[in-house]
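Asks: predicted coordinates and the sequence they were generated for:
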Amino acid sequence: MWANLAFVAAGGAIGASLRFVIHHFLTLWLGKGFPFGTLVVNVLGSFFLGLLFSLIEHGIVADLPWRSLLSIGLFGAFTTFSTFSLDTLLLIQQGEWSKAFINIFLNVVICILAAWIGMQVVASK
């Protein structure tokens, strides 16, 4: 159990740091008018989590330590559903209903599609 906890903690530190860097640079590049940083990390996290899941399910990658390190740790800290929820609520509170619905649509639909594409990368081999 302690080894798994260490893997989760290490992955979480890396995931949170990556999320910060990506969000920071996308905000500098694209501005604060739309939560692009949240969208990008959610799409990337969904893709790579789908890819990892499929690699483990097909026996290409061992469950341990990768599920703890990457799935729970790295991707758990990297993806930002709680941030997505707050970003959307803030857009609604600012009266930006169209941006809120676009944000919901893009995060939900593209992230589900990204997870499926990640799984298909392995399934097609």
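Replies: The structure has been received and is ready for your questions.

Asks: check what contacts the host helix or strand of residue 118 and list those residues.
Replies: Using DSSP states H and E, residue 118 sits in helix 111-123. Helix 111-123 is touched from outside by 42-55, 58, 60, with contacts defined as C-beta atoms under 8 Å, 6 or more residues apart in numbering. For every residue, glycine as well, the C-beta is placed using N, CA and C.

Asks: may I have that helix exported as PDB, CA atoms only?
Replies: C-alpha atoms of helix 111-123 as PDB (Å, rounded to 0.1, in the frame of the first residue of the first chain):
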ATOM      1  CA  CYS A 111     -12.900  14.700 -23.800                       C
ATOM      2  CA  ILE A 112     -15.100  11.600 -24.300                       C
ATOM      3  CA  LEU A 113     -13.900  11.500 -27.900                       C
ATOM      4  CA  ALA A 114     -10.300  11.900 -26.800                       C
ATOM      5  CA  ALA A 115     -10.600   9.000 -24.400                       C
ATOM      6  CA  TRP A 116     -12.200   6.800 -27.100                       C
ATOM      7  CA  ILE A 117      -9.400   7.800 -29.600                       C
ATOM      8  CA  GLY A 118      -6.800   6.900 -26.900                       C
ATOM      9  CA  MET A 119      -8.400   3.500 -26.500                       C
ATOM     10  CA  GLN A 120      -8.500   3.000 -30.300                       C
ATOM     11  CA  VAL A 121      -4.800   3.700 -30.600                       C
ATOM     12  CA  VAL A 122      -4.200   0.500 -28.700                       C
ATOM     13  CA  ALA A 123      -7.100  -1.500 -30.100                       C
END
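
Asks: what helix or strand is the residue of the chain most remote from its centre located in?
Replies: In terms of distance from the mean C-alpha position of the chain, residue 95 ranks first, at 26.5 Å (C-alpha atoms, centre = their mean). Counting by DSSP H and E, no helix or strand carries residue 95.
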